[in-house]
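*Asks:* Sequence plus predicted model, see below.
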Amino acid sequence: QQQVKQSPQSLIVQKGGISIINCAYENTAFDYFPWYQQFPGKGPALLIAIRPDVSEKKEGRFTISFNKSAKQFSLHIMDSQPGDSATYFCAASMEGYQKVTFGTGTKLQVIP
Amino acid sequence: NAGVTQTPKFQVLKTGQSMTLQCAQDMNHNSMYWYRQDPGMGLRLIYYSASEGTTDKGEVPNGYNVSRLNKREFSLRLESAAPSQTSVYFCASSRGGGYGYTFGSGTRLTVV
């Protein structure tokens, strides 16, 4: 019930291409869906987040698409750059719940 | 503007030794968390503290203890280290619940 399933485990994208990472959840009580970006040797950092009352949120080249009926959400990175090479974690949490449930992560490599 | 500070950054322990990982945040956050990160396993919650004076177990608490010393500081103790505790440990904080974590830069622990 609390699990968040993330795919793919790794992804190689050409510079300028679109990177897409998908996540699925079971618990319909989740009401906050953040994405975290982690560079090697660093801690994860909050990248972008969405609530289920909207279907899409865009910040620069990063977009979250949210499908409430399918219980899925995804991160799109437009015009991917080598500097975007990192591990990305999706996550979910809910009102009154002290913890975040993380996906298992996607290692993205953007090649020139 | 330090955020979340973890010490030490690296540590090598022998099996059976004990040590304490320190974490401090300067954002006046209520909630603090300890995670471990292992290849292919994502981020797993060890213990968390929803507010000063409270602590609760996460999904992998065995072999660890925690202390919420005050609002700023949350320490993680390994009483008798085992090779299975070789991992990267991250402390995180949030103003409440699962919203908007700020992570520290991590402690890389090796138990030999």
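*Replies:* Sure, I can see it. Numbers count the residues shown, from 1 in each chain, chains lettered A, B, ... in the order given.

*Asks:* and the helix or strand containing A:F66 with chain B, contact?
*Replies:* According to DSSP states H and E, A:F66 maps onto strand A:62-67. No: no part of strand A:62-67 sits close enough to chain B to count as contact by CB under 8 Å from any CB of the partner chain; the gap is at least 14.8 Å. Yep, even glycine has a C-beta here, placed from its N, CA and C like the rest.

*Asks:* rounded to a whole number, what's the mean pLDDT of that strand?
*Replies:* Across strand A:62-67, the average pLDDT comes to 96.

*Asks:* what does it contact?
*Replies:* Applying CB atoms under 8 Å, 6 or more residues apart in numbering or on different chains, the contact partners of strand A:62-67 are A:33, A:35, A:47-50, A:52, A:54-58, A:72-78.

*Asks:* buried ones in stretch A:41-61?
*Replies:* A:43-44, A:46-50, A:57 (16 or more other CB atoms under 10 Å in any protein chain shown).

*Asks:* Just the C-alpha atoms of the helix or strand harbouring B:V12, please, in CSV.
*Replies:* Using DSSP H and E, B:V12 sits within strand B:10-13. Extracted in CSV, the C-alpha atoms of strand B:10-13 (Å, rounded to 0.1, in the frame of the first residue of the first chain):
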residue,chain,number,x,y,z
PHE,B,10,33.7,9.2,6.1
GLN,B,11,34.3,6.5,8.7
VAL,B,12,35.8,3.1,8.8
LEU,B,13,34.9,0.8,11.7
